[in-house]
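Here is a sequence together with a model predicted from it:
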Amino acid sequence: MIGRFSRRHSSDNIEDLLRRYRPEPNEELVTRLAARSRISASRLGRPFRLALAAALGIFLLVPLAAFGSAADEAVSAGKSAVSAVTRVSKPNEVRVIERSAAAVQYGDDDDNGEDEEENGEEEEIESESTPPVTVAGEQDEEEIVAAAGDEAETLPTTGLSLWLPVFGGLALLLAGVLLLRRGRPSER
Amino acid sequence: VIRRSRDPFDRPEQLLRGLYGYVAYRVGSGPEAEDLTSAAFERGLRYRASYDPSRGSPLTWLIGIARREITDSMRTPDSAFAVPELFAESHEPAVVDKVVLHEALTRLPSRDRDLIALRYGAELSAKEIAELLGETTNGVEVALHRARARLRAELEIAA
């Protein structure tokens, strides 16, 4: 049998022979292992996608953090609202300044004039004679509430609307979900 | 030629043909070659992240794994066998030729068989074989020439 082999092939073409009769794998084996390789590749990409999502999330939060962060914004908005409500609901105290500079200078002219003439000395001005001076409480309460409302809806420093980053974040999330659905291999 | 990329399993079908060609020339085609190919490929998949393109092609890297698999399997080389006359008469010449070639390969020393499997089974260049074995390209070419001469002699002796 070997004799027949040598008659078919001269010993000089060993290289051709080795190439021609190179063993080929079973197609089923190739298909199975190639599929395993692709599944493994998709698993390999999962941590990368998670890392990308995390990086994008951080990227979105950084601008907010630079202006006091989203949490600070929410807290300051709440504080403003509470302050506004307190101002409206709490009755204003009337502070009476008993010894104002005006009272000293322009107190009861008649009495003091007589006294000065009689005694020739400066006397303390009676506190009862000075009119009460009130501060606060006369401000427009509606303006305060409106100002508090405006502050709650804008970012500090820039004055941009708070909804801008919120809508930006939602748009990014939506784009991510759409890309994920589009990139997912179709089931066979 | 398998393109060098970061992911060694970029083209798995081509990779598998080269890998199986090497393993089958080393241990003989059949279930055992398929098992060893699968084992090497699976191990490669597990360590695919550690593949470094600067250290060689994906096939060279995978054959390095397969060589360890073959060594670990502690398989003794095929003992030389004679092809029965009845088999020769009842099969196509191409099938007979394959069997005769395989029979001649089993009689070669382990190193010769390894070199022939790398060159003609995996279709690696002499340079790639040299990188894999840690030898010079010239040394590999000389060794390959001797291995071919011994294989030729085996076939002629048998005739």
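Looks like it came in fine.

Going by C-alpha atoms from here, please, whenever you check contacts or count neighbours.
Fine.

Quickly find the element holding residue 60.
Since no chain was named, I'll use chain A. A:Leu60 is part of helix A:27-66, with elements assigned from DSSP states H and E.

look at chain B instead
helix B:58-72.

which non-adjacent residue is nearest A:Tyr21?
In this structure, A:Tyr21 finds its nearest non-sequential neighbour in B:Lys98, 6.1 Å apart by CA to CA, 6 or more residues apart in numbering or on different chains.

Can you name the element that comes right after whatever helix or strand that neighbour lives in?
Using DSSP H and E, B:Lys98 sits within helix B:93-106. Using DSSP H and E, the helix or strand that follows helix B:93-106 in sequence is helix B:110-116.

What residues of that following helix count as buried?
By 16 or more other CA atoms under 10 Å in any protein chain shown, the buried positions in helix B:110-116 come out as B:Asp112, B:Arg113, B:Asp114, B:Leu115, B:Ile116.

Out of these, the closest to chain A would be?
B:Ile116 (8.4 Å; CA to the nearest CA).

how much space between the closest one and B:Lys127?
Distance, B:Ile116 to B:Lys127, using CA to CA, to the nearest Å: 14 Å.

again with B:Arg152
24 Å.

The two: who's more crowded?
Taking neighbours as other CA atoms under 10 Å in any protein chain shown, B:Arg152 and B:Lys127 compare with B:Arg152 leading, 20 against 15.

the inter-axis angle of the helix ranked longest in chain B versus helix B:93-106?
Counting by DSSP state H, the longest helix found in chain B is helix B:137-158. If you take axes from the mean of the first three to the mean of the last three CA atoms, to 10 degrees, helix B:137-158 sits at 120 degrees to helix B:93-106.

Can you list the helices and strands that helix B:137-158 packs against?
Applying 3 or more CA pairs under 8 Å, 6 or more residues apart in numbering or on different chains; DSSP states H and E, one finds that helix B:137-158 contacts helix A:2-8, helix A:14-20, helix B:93-106, helix B:110-116, helix B:126-133.

returning to what we had before: give me the residues contacting the helix holding B:Thr60.
Residues outside helix B:58-72 that contact it (CA atoms under 8 Å, 6 or more residues apart in numbering or on different chains): B:2, B:4, B:8-9, B:15, B:18-19, B:22-23, B:36-37, B:39-41, B:43-44, B:51, B:122, B:124, B:128-129, B:132.

Report the buried members of those residues.
Using 16+ other CA under 10 Å as the burial test, those include B:8-9, B:15, B:18-19, B:22-23, B:36-37, B:39-41, B:44, B:51, B:122, B:124, B:128-129, B:132 as buried.
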